[in-house]
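> heads up, no residue letters with this:
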């Protein structure tokens with residue numbers, strides 16, 4: 001099944017800057033049968049007793065919300081600063097040059113809730129770690145961090161080694 005899904009992931013050379021090979025999932029999203037198959041395969045990787053699924057802006061929203069629906073869980077968006085309308089927690093994370101912030105509503109996760117974090121790609125692990133810290137600030141328990149794709153050569157798992165991590169496709 002993974003080989004079918006992989007056929008719909010396009011490499012875009014020199015995006016967003018020279019030297020980067022971007023893994024584009026839009027062809028996968030455009031093909032209904034492959035989109036559905038991908039959701040089903042992701043569901044096989046995750047625990048079923050989840051209270052909330054956190055999706056990281058922006059592509060993490062796509063499968064994150066579908067996983068939440070299938071798991072009968074709530075969905076929580078984690079966004080860049082200034083995008084959420086209510087009081088937020090903030091968590092900085094490292095970029096190649098400098099830092100950025102992720103935010104989450106302060107009332108999005110209740111004390112003790114079991115949380116699955118989903119994003120499209122595990123690269124360096126910085127955004128996933130920031131998301132996990134936001135969940136913990138709110139009192140949630142990170143049960144797993146899940147990805148559609150993992151760029152293993154960037155060693156992002158090392159940054160989030162304190163959490164269970166799964167990914168559907170590894171490069």
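Received, thanks. Model, not experiment: these values are computed from the prediction.

> make it CA atoms for all contacts and neighbour counts henceforth
OK.

> Run the chain-centre distance for the longest helix along the chain.
What stands out as the longest helix in the chain, according to DSSP state H, is helix 32-45. When C-alpha coordinates are averaged (CA atoms, centre = their mean, to the nearest Å), helix 32-45 and its chain have centres 15 Å apart.

> And the contacts of it?
Here helix 32-45 makes contact (CA atoms under 8 Å, 6 or more residues apart in numbering) with 1, 4-5, 8, 28-29, 63, 66-67, 70, 146, 148, 166-168.

> what does stretch 72-91 give?
Identification of contacts with stretch 72-91 by CA under 8 Å, 6+ apart yields 50-58, 61, 64-65, 68, 101-106, 108-109, 130-131, 133-134, 137.

> Let me see the ranges of the strands in this protein.
With DSSP state E, the ranges of strands along the chain come out as 10-13, 21-24, 52-56, 74-78, 88-94, 99-105, 114-122, 141-150, 165-170.

> Quick check: which of the contacts of helix 32-45 has the minimum pLDDT.
Lowest in pLDDT among those is residue 1, which has 87.

> Quick check: buried residues in the longest helix of the chain?
By neighbour count on 16 or more other CA atoms under 10 Å, the buried set for helix 32-45 is 34-35, 37-39, 42-43.

> before we move on, what about stretch 50-68?
Buried residues in stretch 50-68 (16+ other CA under 10 Å): 50-57, 60-68.
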